[in-house]
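1. Return a 3D structure for these sequence lines:
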Amino acid sequence: MLKRCEDPEDHAYKHYGGRGIQVCNEWHDYNNFKKWYLDQGFDVFGNDKRTTDRIDVDGNYCPENCRLANISTQANNKRNTRYVEHCGKRYSARDIVNLYPWLSFNTVRSRIYRGLSWEEVVKPSKKNKPITASKGNITIIFQNKRDAGKKLGIDSSYINKCMQEDKPGKGWRFEYFEEDSEKKLVTETKL
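-> Next up, the predicted model:
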């Protein structure tokens, strides 16, 4: 933290000290920084993987602007993180993929960077759209055709052909999952 903010020879200086980010005088004393860290609830003897994160990425390293955060939170708190708004809340690509696990992170990030609306960002591509497989009174929802094929022991290209021809395959009828239906997404199904 001190090197990247104060040493122009440090490889990361241009992203910190070079942008005017400083470490407060209080934290130049290691004991003060250690006390703050422990006061945040850091578990010295446990498996705590949180590290120091600046809340305002353009602000200084100081108690008022720092917190302990996990890697996922920190990945969402970067200068280049873009968001899409939905119902008054901001969502990053990582937030959206956590909500819709069948979506690709890179696809969602690309859609956000292109400035697409919420509806366009979360719209699954045909390749990764959830599908249902029905046989008799059993209906299973899968993340995508590949997931269904793997769990049912059927080649995904065969599933694709069955869906294109609107015909059952090996006793199963496959359809795209409609999110507004009463069915709930099942990510792990044991057959």
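2. what's the lowest-mean-pLDDT helix or strand in the chain packed up against?
-> Of all the helices and strands that make up the chain, the one with the lowest confidence by mean pLDDT, DSSP states H and E is helix 71-76; it has a mean of 86. Using 3 or more CB pairs under 8 Å, 6 or more residues apart in numbering; DSSP states H and E as the contact criterion, the elements in contact with helix 71-76 are strand 51-54, helix 93-99. Placement of C-beta: from N, CA and C, glycine included.
3. What's the first helix or strand after that helix?
-> For helix 71-76, the following helix or strand on the C-terminal side (DSSP states H and E) is strand 84-86.
4. That following strand pairs with which strands?
-> The sheet places strand 84-86 alongside strand 89-91 (antiparallel), with pairing taken from DSSP bridges.
5. Surely Cys24 and Asn60 touch.
-> Yes - here Cys24 reaches Asn60: they are 6.2 Å apart, a contact under CB atoms under 8 Å.
6. Quickly, which of the helices and strands packed on helix 71-76 bottoms out on average pLDDT?
-> Here the lowest mean pLDDT among these goes to helix 93-99, at a mean of 91.
7. if I look at the residue most central in space within the chain, how far off is Asn60?
-> Computing the C-alpha centroid of the chain and ranking residues by CA atoms, centre = their mean puts Arg94 first, at 2.1 Å. In this structure, Arg94 lies at 26 Å from Asn60, with CB to CB, to the nearest Å as the measure.
8. which residues sit in contact with Asp10?
-> Lys3, Arg4, Gly17 (CB atoms under 8 Å, 6 or more residues apart in numbering).
9. Just name the closest of those residues to Glu175, please.
-> Top of the list for closeness to Glu175, among the contacts of Asp10 and by CB to CB, is Arg4 at 52.9 Å.
10. all helices for this structure, in order.
-> When assigned using DSSP state H, the helices of the chain occupy the ranges 2-6, 30-39, 71-76, 93-99, 105-113, 118-122, 145-152, 156-165.
11. buried residues in stretch 142-155?
-> By neighbour count, with 16 or more other CB atoms under 10 Å as the criterion, the buried positions of stretch 142-155 are Phe142, Gln143, Asn144, Lys145, Arg146, Asp147, Ala148, Gly149, Lys151, Leu152, Ile154.
12. Tell me, what's the model's pLDDT at the closest residue in space to the third one that isn't next to it in sequence?
-> The one in question is Asn144. The spatially closest residue to Asn144, leaving aside those adjacent along the chain, is Asn128, at 5.0 Å (CB to CB, 6 or more residues apart in numbering). pLDDT recorded at Asn128 is 74.
13. what's the answer for Phe105, then?
-> What the model reports as pLDDT for Phe105 is 89.
14. Distance of the residue nearest to it when sequence neighbours are not counted relative to Thr107?
-> With CB to CB, 6+ apart as the measure, Val97 is the residue that lies nearest to Phe105, at 4.9 Å, once sequence neighbours are left out. Counting by CB to CB, the gap from Val97 to Thr107 is 9 Å.
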